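Participant: Give me the fold of what follows.
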Amino acid sequence: MLSNVDFYFFSPTGGTRKTGELLAGAIAEQVKFFDLGKKEELEARPEAEVIVAALPVFGGRVPTVAAKKLQQLQGQGKKAITLAVYGTRAYEDALLELNDLLEGCGFEILASGAFVAQHSMAPEIGAGRPDEKDEKEIRDFGKKILDKLAEGGDQKIQVPGNHPYKPEFSMPVTPVSLPACNLCQACVKVCPTEAIRVSDGAVATDAQACCLCMACVYHCPEKARILPPPMQEQTKNMLGALKDVRRENQMFL
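Facilitator: Below you'll find the model as predicted:
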């Protein structure tokens, strides 16, 4: 067991944080958390010799807002464990992109994983994941990572993905506020791209800045923030066939 790890995550609806926290806790006695969705700048040099970086998958890519934060880090040859967390459909180029990013910052990739969590836009897809079976797989993965470290940890890994990466995820819609909204501004506080503001007694969202991370929907205390109904229907039609699919996690050592 390591004495400590630094855990970097972007988790608008909680699934990515839970996945990464399980792994970090399986390999280290102490975990220091760095939320990439917050507006504070990161310290460039991680304190721990091993970091865990967990990002959600948006349309087969990693979220730009989180990637820009991670690019501030200076790896200096330290080890990184990377996790791409996705909502059952596919993770496509995201894990490769995350590894490329951290290698570009000077980290050595120790291990990688693609794990399933509940879908942020269609919660009935992957509902309840990571579940008990996932948790066991994550902890077993942690044990294997520790074994690899004990043996030197120098074996290079390869993960699926393509160069060039697929085009970035982009949709010309944003969540909207229902009449039940009481202008508490919880959505403003959690928005990682500062796309939301309250103006003239109403909530306004900048469609160019919004990354559809769903943090505003997930954290609204009044449940007054939703996807527009046409978008809900489109998402349901697109992903409905996945409702009863249990995608298996993939791990790379």
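Participant: Now do the helices in the stretch 151-253 of the chain.
Facilitator: Under the criterion DSSP state H, counting those that start in this stretch, helices of the stretch 151-253 of the chain are mapped to 186-190, 215-219, 229-239.
Participant: Out of the ones you listed, indicate the one that is most buried.
Facilitator: Ranked by mean neighbour count, these are led by helix 215-219 with a mean of 22 (mean count of other CB atoms under 10 Å). All C-beta atoms are positioned from the backbone trio N, CA, C, and that covers glycine.
Participant: Return the distance of that helix from the chain's centre.
Facilitator: On the basis of CA atoms, centre = their mean, to the nearest Å, helix 215-219 sits 15 Å off its chain's mean C-alpha point.
Participant: which outside residues touch that helix?
Facilitator: Applying CB atoms under 8 Å, 6 or more residues apart in numbering, the contact partners of helix 215-219 are 12-14, 37, 120, 175, 186-187, 190-192, 196, 225-227.
Participant: for that helix, what is the average pLDDT?
Facilitator: The average pLDDT for helix 215-219 rounds to 98.
Participant: Extract the C-alpha trace of that helix and format it as PDB.
Facilitator: Extracted in PDB, the C-alpha atoms of helix 215-219 (Å, rounded to 0.1, in the frame of the first residue of the first chain):
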ATOM      1  CA  ALA A 215     -23.700  19.400 -13.200                       C
ATOM      2  CA  CYS A 216     -26.400  22.000 -13.100                       C
ATOM      3  CA  VAL A 217     -29.100  19.400 -13.500                       C
ATOM      4  CA  TYR A 218     -27.600  17.000 -11.000                       C
ATOM      5  CA  HIS A 219     -27.000  19.700  -8.300                       C
END
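Participant: before we move on, the earlier item: so for residue 113, which of the helices of the stretch 151-253 of the chain sits nearest?
Facilitator: Closest to residue 113 of the helices of the stretch 151-253 of the chain is helix 229-239 (CB to CB; 22.3 Å).
Participant: still on that earlier bit, of the contacts of helix 215-219, which pair is most distant in space?
Facilitator: Checked with CB to CB, the contacts of helix 215-219 reach their widest spread between 37 and 226, with 20.2 Å between them.
Participant: So the two - more neighbours on which side?
Facilitator: residue 37 (20 against 15; other CB atoms under 10 Å).
Participant: what sits against the more buried one?
Facilitator: Going by CB under 8 Å, 6+ apart, residue 37 touches 10-12, 65-66, 190, 192, 213, 215.
Participant: Selection in ChimeraX covering whichever of these are buried, please.
Facilitator: Entered in ChimeraX, the line below selects the buried ones among the contacts of residue 37, by 16 or more other CB atoms under 10 Å:
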select :10,11,12,65,66,190,192,213,215
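Participant: out of the helices of the stretch 151-253 of the chain, which comes closest to residue 19?
Facilitator: Of all the helices of the stretch 151-253 of the chain, helix 215-219 sits nearest to residue 19, with 15.8 Å by CB to CB.
Participant: With that, I have no additional questions.
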